[in-house]
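In: need a 3D model of the following:
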Amino acid sequence: MSKKILAFLFVLVFSLTAACSSGNGAAPSSPTTSTGAAESSFDSSPASGSADSAASTGSGSSAASSQAISSSDSSKTSSPASGSKTPSSEEKPKTVKVTIPEGFTLPQVAARLEANGVCSSKDFISTAQAYDFSYYSLVAKIGSSPNRCYRLEGYLYPDTYEFYVGMKPQDAVGKFLRNAEQQIGDKYSYSGMTTDQLVTLASIIEREADDPDNMRKVSSVFHNRLKTGMILQADSTRDYCNLYLVPQFGDKYNKYYNTYPNRSPGLPAGPISNPGAGALYAAAHPSDTDYLYFATGTDHNYYYGATQQDRDTLMANAGVTPLYAD
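Out: Residues are numbered from 1 along each chain as shown. As a prediction, the model looks like this:
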């Protein structure tokens, strides 16, 4: 009996040992699959669902393979070392500050923009001529005339601007016009004159005088001449024709802008420069005088008179002659 009992116990112990050995070998398989699924889900979630599919089948090797492919693709498309710029690291468009002085003409403005890399002079001028800017109230008031040369002359308000390098010419022109809307707008008026006529007169004053007091006196001369029907005989209009119109257009516009004898009386067909606040104010607020003549002497002072003789007498007494011939 003892031998049977011993044999039974031996079989029982052997069976338990085999069972424990089988359980210890299967136990690690579950954590391995779980870990593979967790890693795959974390590392490749922005990409395709292949890794998640492999993990759900319990295939750790498939999950690891998919994870390696996703990681490789990701490094090619988004790694900072690849040389491609992310949106956050893109360079801002380059800008440049450009100062336009009072009295600059449209061609001068265009040349300065080109020199600073804003846009080409040719493109700026052609856009100012052809593009429809009539949605600006000042431009809408200009009207249309075949005798007018540069349509937006007078409205490229002198100031310091910040432009983008290589910007569209229509955007550059628009920047000037928006400023003109604010700086000119309806601020200046004179009885019997339109805004465009006032800007035209201011553009002449800007090129004839260089300080507020003389601007207002020069303005009074031109206002008095306009009222009496005299020609303006402004040197600045002749210079504008000779320097900016005749070289480009021949004599096509000369008679409409040159205010010397044998030309149309009154104001030229449009502004001859882009005036600043001082000249615009002087055009709207001339000094109260009876002056019909003025000249800049060789001493660079201004001399005025109700008659040419009055003016010449003052200059003779000062021992000077006109800087520019009448």
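In: how about the helices in the stretch 101-250 of the chain?
Out: 106-115, 121-130, 137-142, 169-183, 195-208, 212-228, 235-240, 246-249 (DSSP state H, counting those that start in this stretch).
In: got any ranges where this protein has weak pLDDT?
Out: 1-89, 264 (pLDDT under 70).
In: closest to the centroid, which residue in it?
Out: Among the residues of the chain, the one closest to the centroid is residue 163, at 4.0 Å (Cα atoms, centre = their mean).
In: wait, that residue touches residue 176, no?
Out: No: contact status for residue 163 versus residue 176: not in contact, 10.2 Å apart, counting by Cβ atoms under 8 Å. For the C-beta atoms, the positions are set from N, CA and C on the backbone; glycine is no exception.
In: so which of the helices of the stretch 101-250 of the chain gets nearest residue 325?
Out: Distance to residue 325, taken as Cβ to Cβ, is lowest for helix 235-240 among the helices of the stretch 101-250 of the chain, at 8.8 Å.
In: buried residues in that closest one?
Out: 235, 236, 237, 238, 240 (16 or more other Cβ atoms under 10 Å).
In: and it, what does it pack against?
Out: On a contact count with 3 or more Cβ pairs under 8 Å, 6 or more residues apart in numbering; DSSP states H and E, helix 235-240 meets helix 195-208.
In: quick one: which of the buried residues of helix 235-240 is nearest to residue 135?
Out: residue 240 (28.4 Å).
In: show me what contacts the residue lying closest to that closest one once chain neighbours are set aside?
Out: Closest residue to residue 240 apart from its sequence neighbours, by Cβ to Cβ, 6 or more residues apart in numbering: residue 272 at 4.1 Å. Residues near residue 272 by Cβ atoms under 8 Å, 6 or more residues apart in numbering: 105, 153, 200, 203, 204, 207, 236, 237, 240, 257.
In: can I get the helices of the stretch 101-250 of the chain in CSV with distance to residue 306?
Out: Listed next are the helices of the stretch 101-250 of the chain as CSV, based on distance: least, Cβ to Cβ, whole Å:
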stretch, distance to residue 306
helix 106-115, 35
helix 121-130, 41
helix 137-142, 35
helix 169-183, 34
helix 195-208, 18
helix 212-228, 9
helix 235-240, 20
helix 246-249, 34
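In: of these, which is nearest residue 265?
Out: Using Cβ to Cβ, those put helix 212-228 closest to residue 265, at 8.8 Å.
In: against which helices or strands is that closest one packed?
Out: Against helix 212-228 (3+ Cβ pairs under 8 Å, 6+ apart) you get helix 195-208, helix 277-284, strand 293-296, strand 302-305.
In: how about the residue nearest to the centre of the chain, nearest residue that isn't a chain neighbour?
Out: residue 118 (4.4 Å).
In: how close does that neighbour get to residue 94?
Out: Remark: distance between residue 118 and residue 94 (Cβ to Cβ, to the nearest Å) = 11 Å.
In: common neighbours of the two, please.
Out: 164, 165.
In: so if I had to pick from those two, which one is more boxed in?
Out: residue 118 (26 against 10; other Cβ atoms under 10 Å).
In: my read: that one touches residue 164, true?
Out: Yes: under the criterion of Cβ under 8 Å, residue 118 makes contact with residue 164 at 7.4 Å.
In: now the common contact residues for these two.
Out: With Cβ under 8 Å, 6+ apart, residue 118 and residue 164 have common neighbours residue 96.
In: isn't there a strand covering residue 256?
Out: No: Residue 256: not assigned to a strand; according to DSSP: H, G, I helix; E, B strand; the rest coil it is helix.
In: so it touches residue 150, yeah?
Out: No: taking contacts as Cβ under 8 Å, residue 256 lies outside contact range of residue 150: 12.0 Å.
In: from residue 255, how far out is residue 149?
Out: Residue 149 is 12 Å from residue 255, by Cβ to Cβ.
In: no no, residue 186
Out: 32 Å.
In: of those two, which one has the most company?
Out: residue 255 (14 against 9).
In: pretty sure that one contacts residue 268?
Out: No: with contacts counted by Cβ under 8 Å, residue 255 stays clear of residue 268, the gap being 9.8 Å.
In: right, I'll call it a day here.
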